[in-house]
Structures are given as structure tokens and as C-alpha cells.
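# just to be clear, the model below is a prediction. Sequence and coordinates:
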Amino acid sequence: MRIIILPIGQVAVEVLQFIKRGLVEVFPNTEATIHETGVLLPREAYNSSRHQYYSTRLLARVGSSVRRSESDYVLGVTGADLYVPALNFVFGEAQMPGRAAVVSLFRLDPEFYGESSNSGLFHERALKEAVHEIGHTLGLTHCRRPTCVMYFSNSIEMTDRKKSEFCEKCRRQVLKALEKTI
């Protein structure tokens, strides 16, 4: 499996590299690369009354930014705050199944919650959301196990509770999905 990590707007290289290393560890036989230039945040995705970006529009940009011949999957990573109309915010969104996913780092930073800076915690949260969204692109739905990376998180506490790995049931689904991509 080949994954391109696509920065959307300004994103720290350190977090992109951490996500890259983590994806390669979690998904067997995976090659991950960071797109050299990335893309700008699309103005048409910005909602000025919410001060957030509509994640579905970013997802469309991610999907069209990298040719299929370059990569099997594309993971957009942004520092912007994302939303979908039915929710106050989202940590990410993915085509399910599909080839594109997007993750927001905005609410993953401990400083967002008034806590001290903690790059280790921030990077771990970013990896969990990246693995979760790539899981969706492989066709996985949300898991009922609170520690599984595929568990739905609508708060940072739920994100912190889960691991960056799949439970055994979801892991089997990942391996089955990956067999189809070979």
C-alpha cells in the first residue's frame, strides 16, 4: 500500500514525519511519503460564521491533488479547525471506502485545552486520527471497543483512551482489505 501524506496549509514537518513512521508501523507492507509542496487551504471551504473549514470540501481537494498512479491513498493533514454541518467539529473525515482522508491537528494540541505543550501527546493523537481515517478508506466502520483506533471519538478524552492500533477484529478486516489492494 502506498500512502502520500499531503500537508494542507502550514503543518509542522515533525508531526508529518511522526505520522509517516507510525503509518508504516501500523499498516503492513506500507510505503508512506510526505508530499513535497502540499496544497493551500481552499477558500471555498472556509465558513466565516463558524471560523472553521468544511472537511468534505477539503476531502475533495485531497482526493484530486494526487494522481492515482502516484499513490493508493492520500492523507491530507491540516492545522485548520474542521467541521461537518451536523457536528461542532471533526478530527477528520474519509471516503469510506475510498482513497482520500483528511485529519485536523487543530483540536489535538494539548494547548488548545489550556494544558502545557506536550509534543509526544500531540503526535500520538495525530497518529491515532491518521490511522483511524486510513482505516475508513479501507472500508472499516467505527468499532465498539473504546481502546480500538477505530472507535468514534467526539472528544479528546475518547481519543486519548484509544490506542493507535486496531483491535483483533478490526486488524483482520485491515489485512483482508490490504489483500485486495495487492
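Now that the structure is in, tell me what you want to look at.

# quick one: mean pLDDT over the helix ranked longest in the chain.
Ranked by residue count, the top helix of the chain under DSSP state H comes out as helix 119-137. The average pLDDT within helix 119-137 is 98.

# which elements pack onto that helix?
helix 13-26, strand 73-78, strand 92-94, strand 100-104, helix 156-161 (3 or more C-beta pairs under 8 Å, 6 or more residues apart in numbering; DSSP states H and E). C-beta: built from backbone N, CA, C; applies to glycine.

# compute the inter-axis angle for that helix and helix 13-26.
Counting by axes from the mean of the first three to the mean of the last three C-alpha atoms, to 10 degrees, helix 119-137 lies at 50 degrees to helix 13-26.

# name the residues of helix 119-137 that are buried.
Within helix 119-137, the residues scored as buried using 16 or more other C-beta atoms under 10 Å are 121-137.

# with just CA atoms, put it into CSV.
C-alpha atoms of helix 119-137 as CSV (Å, rounded to 0.1, in the frame of the first residue of the first chain):
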residue,chain,number,x,y,z
SER,A,119,4.7,17.2,21.6
GLY,A,120,4.6,13.5,22.5
LEU,A,121,0.9,13.6,23.3
PHE,A,122,0.2,15.8,20.3
HIS,A,123,2.0,13.5,17.9
GLU,A,124,0.3,10.4,19.4
ARG,A,125,-3.1,11.9,18.9
ALA,A,126,-2.3,12.9,15.3
LEU,A,127,-1.2,9.3,14.6
LYS,A,128,-4.4,7.9,16.1
GLU,A,129,-6.6,10.1,13.9
ALA,A,130,-4.5,9.3,10.8
VAL,A,131,-4.7,5.6,11.3
HIS,A,132,-8.4,5.9,12.1
GLU,A,133,-9.1,7.8,8.8
ILE,A,134,-7.0,5.4,6.7
GLY,A,135,-8.9,2.6,8.3
HIS,A,136,-12.1,4.2,6.9
THR,A,137,-10.6,4.4,3.4
